[in-house]
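>>> Sequence unavailable; structure follows:
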């Protein structure tokens, strides 16, 4: 499946958002995820099915003013 | 003590966490400032970033350890949609419904897009957020933000990071007078502790700043200076400062002053 993860094209064999995070080696309870411009809550990730062409954003805390 | 969205705070300084020389200096600056609120943000996390390698994770743990309340921002957002999504993602990560709402409208001045700001504020308030809008000193926009559900207003005093200090004190005075019952925080443009004191003397409730501390030669010492300056400005405001006047007024009373019958000074012509 072709996906855009944080702006980069990826070709991945994953069904859900949780599988995508595992395959790309993301971990930690400080991540926020969105698919196609909509927030996907932490608890929804295991059942959130991805589709070809989906745009995924994975954000984490950083310094800000 | 003052209250923001039913939360009582003792410090009137809100401190940004960006651009410090090191995490250790940031920690020291936070401690010495006495800040009661720290602003934070969200950025894309790198793949494979586990444990210590995760920039976000390390920062997150540090902030939690400091034990200071956080105010996530939507910095860098240029549209309503972007700002709303960023706010929702921040709520997920930081577990707070507070958000410093920024919708940037102009690349060079980082002036807020106040039309998008009002719309985003309305959407986020309806979603249960407590919105802290970064705005200009425009009174009509301030009214619209209150109508949209904001219970705090954060006008700039100069462009973000400019360090110019209050460039339009008359407008800030008018803002304070127009929104006498609303907590007002000057956000952006402060460069020196004296600027912070000046806006606090006008009756603003608090000051939010970042670069003025993080960009100083000794950020931790500057953080302390800002904490003191803000407290001094608040005390001065409550003490009802004098208005400037055009003429001199002697500070020492003249009533009862001795009148010496001085002979003219010895003239040079005296033999």
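Perfect, thanks for sending it. Here the structure is a predicted model, which is why all the values come from computation and not from measurement.
>>> only C-alpha atoms for contact and neighbour calcs from this point on.
OK.
>>> Going along the chain, name the strands of the stretch 101-250 of chain B.
B:130-135, B:154-155, B:185-187, B:206-209 (DSSP state E, counting those that start in this stretch).
>>> would TSV of those with distance to chain A and mean pLDDT be doable?
Converted to TSV, the strands of the stretch 101-250 of chain B look like this (distance: least, Cα to the nearest Cα, whole Å; pLDDT from 0 to 100):
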stretch	distance to chain A	mean pLDDT
strand B:130-135	11	98
strand B:154-155	13	98
strand B:185-187	10	97
strand B:206-209	7	98
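>>> want to try a markdown table for these, with mean neighbour count as columns?
Converted to a markdown table, those look like this (neighbours: other Cα atoms under 10 Å in any protein chain shown):
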| stretch | mean neighbour count |
| --- | --- |
| strand B:130-135 | 26 |
| strand B:154-155 | 22 |
| strand B:185-187 | 26 |
| strand B:206-209 | 25 |
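>>> gap between residue B:148 and chain A?
23 Å (Cα to the nearest Cα, to the nearest Å).
>>> Who are the contact partners of that residue?
B:118-119, B:121-122, B:125 (Cα atoms under 8 Å, 6 or more residues apart in numbering or on different chains).
>>> Kindly reformat those residues as CSV containing pLDDT, neighbour count and distance to residue B:75.
Formatted as CSV, these follow (pLDDT from 0 to 100; neighbours: other Cα atoms under 10 Å in any protein chain shown; distance: Cα to Cα, whole Å):
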residue, pLDDT, neighbour count, distance to residue B:75
B:118, 98, 26, 16
B:119, 98, 17, 16
B:121, 98, 29, 14
B:122, 98, 20, 18
B:125, 98, 15, 18
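>>> quick one: which of these is nearest residue A:22?
Distance to residue A:22 across the contacts of residue B:148 (Cα to Cα) is lowest for residue B:125, with 34.3 Å.
>>> in the sheet, who's paired with residue B:132?
residue B:100 (DSSP bridges).
>>> Show me the helices in the chain, by range?
The chain I'm using is chain A. For chain A, applying DSSP state H gives helices covering A:17-23.
>>> not what I meant, chain B
B:23-33, B:55-66, B:80-94, B:114-126, B:139-147, B:169-178, B:193-201, B:211-214, B:219-238.
>>> Comparing those by mean pLDDT, which bottoms out?
Comparing mean pLDDT across those, the weakest is helix B:55-66, with a mean of 90.
>>> So what's the residue count around residue B:159?
21 (other Cα atoms under 10 Å in any protein chain shown).
>>> Enumerate every residue touching it.
Residue B:159 sits next to B:109-111, B:188-189 when contact means Cα under 8 Å, 6+ apart.
>>> Could you save those as JSON lines and add columns showing pLDDT, neighbour count and distance to residue B:41?
Shown next, in JSON lines, are those (pLDDT from 0 to 100; neighbours: other Cα under 10 Å; distance: Cα to Cα, whole Å):
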{"residue": "B:109", "pLDDT": "88", "neighbour count": "13", "distance to residue B:41": "20"}
{"residue": "B:110", "pLDDT": "90", "neighbour count": "15", "distance to residue B:41": "17"}
{"residue": "B:111", "pLDDT": "94", "neighbour count": "19", "distance to residue B:41": "19"}
{"residue": "B:188", "pLDDT": "93", "neighbour count": "29", "distance to residue B:41": "16"}
{"residue": "B:189", "pLDDT": "95", "neighbour count": "25", "distance to residue B:41": "19"}
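>>> between these, which is closest to residue A:53?
Once Cα to Cα is applied, the member of the contacts of residue B:159 that ends up nearest residue A:53 is residue B:110, at 33.2 Å.
>>> how much space between the closest residue to the closest one other than its chain neighbours and residue B:116?
Nearest residue to residue B:110, sequence neighbours excluded (Cα to Cα, 6 or more residues apart in numbering or on different chains): residue B:104, at 5.7 Å. Residue B:104 is 9 Å from residue B:116, where distance means Cα to Cα, to the nearest Å.
>>> Done for today, thanks.
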